[in-house]
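Student: Give me a model of this one.
(one chain, ligands or ions: 3)
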Amino acid sequence: MDKRAELYRGKAKTVFATDDPTRLVIEYRDDTSAFDGAKVAQLAGKGETNNRFNAAVMQRLAAEGVETHFEKLLGPTTSLVKKLDMVPVECVVRNRLAGSLAKRLGRDEGEELKQPVFEFFYKSDALHDPFINDDHVRAFGWATNLEVEVMRTITLRVNTLLKEAFAHAGILLVDFKLEFGRFEGRLLLGDEFSPDGCRLWDAKTLEKLDKDRFRRDLGGVVEAYQEVARRLGVAL
Ligand code: ADP
Ligand code: TMP
Ligand code: ASP
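Tutor: Ligands and ions are numbered 1, 2, ... in the order given. Now for the predicted structure:
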């Protein structure tokens, strides 16, 4: 598969065209950003860790019947994916209170929620990814009613599958973000699943093992990601 022109340079990944118009190469960089790009640093080894971590998670989800864009690992920091027409929303599920929901409601982090909470955010760094609801998604034409239902159903199914996988590894899946896109008339899971886009706490100590280590200057960011991979049995 020939890597061609750079199409898009995001905050953490670069997207390249290939000789096949239906496929892209995604390169995972060491760049780490938080607060919608306001805080940026280079963390050695993060790109490779997330590329391999994401590949393992996407393959496990595919084995459980979740359709994803992931095709194969190409190298330490690159993967081949199906080219999607991305829906510009972020699908978040929360199992415990943390992050922006804790802030919005003025409550302490850590509270267990009586049921998973699904939320949409509009993907816009300039607007700081505003919280929106499903009416906004339909009203602005970002996705159809059916697509809204499919994104919600798949995200909650991914939550059920991954919550259990992380629990076996002694880790609480606090919350996470997914992105979807269209491919040949179907909606597939795109982008990535890695500790950059979720919250993971050690089940016993509640130690943070995700990007909050970077957001809050706790240090040991990539080491924590690698510890999560080790506990899940993901070869790095
Ligand atoms: P951001 O754009 O938020 O800075 P990244 O640095 O992770 O994020 O860049 C990756 C970009 O590629 C994201 O905008 C994401 O929506 C997009 N993307 C992810 N998977 C695909 C795909 N299969 N097809 C097209 N675009 C994708
Ligand atoms: P939040 O608490 O900041 O709303 O984030 C909830 C979860 O979703 C958290 O694990 C981080 C992830 N997320 C991203 O990775 N990128 C985003 O742009 C958003 C809104 C959330
Ligand atoms: N994903 C966003 C960023 O990279 C938000 C965050 O992680 O804080 O800036």
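Student: I'd like to know how far the residue of the chain found nearest ligand 1 sits from Val40.
Tutor: Distance from ligand 1 to each residue of the chain (C-beta to the nearest ligand atom) is smallest for Gly10, at 2.2 Å. For glycine as for every other residue, the C-beta is placed from the backbone atoms N, C-alpha and C. Here the distance between Gly10 and Val40 works out to 12 Å (C-beta to C-beta, to the nearest Å).
Student: what sits against the residue of the chain found nearest ligand 2?
Tutor: With C-beta to the nearest ligand atom, the shortest gap between the chain and ligand 2 falls at Gly99, namely 2.1 Å. Residues in contact with Gly99, defined by C-beta atoms under 8 Å, 6 or more residues apart in numbering, are Glu109, Asp175, Arg199, Asp212.
Student: Which one of those residues is nearest to ligand 3?
Tutor: Within the contacts of Gly99, the smallest distance to ligand 3 is 8.9 Å, found for Asp212 (C-beta to the nearest ligand atom).
Student: who's in contact with the closest one?
Tutor: Contacts for Asp212 were tallied using C-beta under 8 Å, 6+ apart; they are Gly99, Arg199, Leu218.
Student: For it, report the pLDDT, please.
Tutor: Reading off the confidence values, Asp212 has pLDDT 98.
Student: So what are the sheet partners of the lengthiest strand in the chain and their directions?
Tutor: Taking DSSP state E as the assignment, the strand of the chain that covers the most residues is strand 171-183. When pairs are called by DSSP bridges, strand 171-183 turns out to pair with strand 85-86 (antiparallel), strand 89-96 (antiparallel), strand 186-190 (antiparallel), strand 198-202 (antiparallel).
Student: Please name whichever of the ones you listed is nearest to Glu67.
Tutor: Comparing the strands paired with strand 171-183 by their distance to Glu67 (C-beta to C-beta), the top pick is strand 186-190, with 4.9 Å.
Student: For that closest one, which residues meet the burial criterion?
Tutor: Counting neighbours by 16 or more other C-beta atoms under 10 Å, one finds that the buried residues in strand 186-190 are Leu187, Leu188, Leu189, Gly190.
Student: Quick check: the farthest pair among these?
Tutor: Taking C-beta to C-beta, the two most distant members of those are Leu187 and Gly190; they sit 9.3 Å apart.
Student: which neighbours do the two share?
Tutor: In terms of C-beta under 8 Å, 6+ apart, Leu187 and Gly190 are both contacted by the residues Phe180, Gly181.
Student: neighbours around Ile171, how many?
Tutor: As a burial measure, the neighbour count of Ile171 was computed by other C-beta atoms under 10 Å and equals 23.
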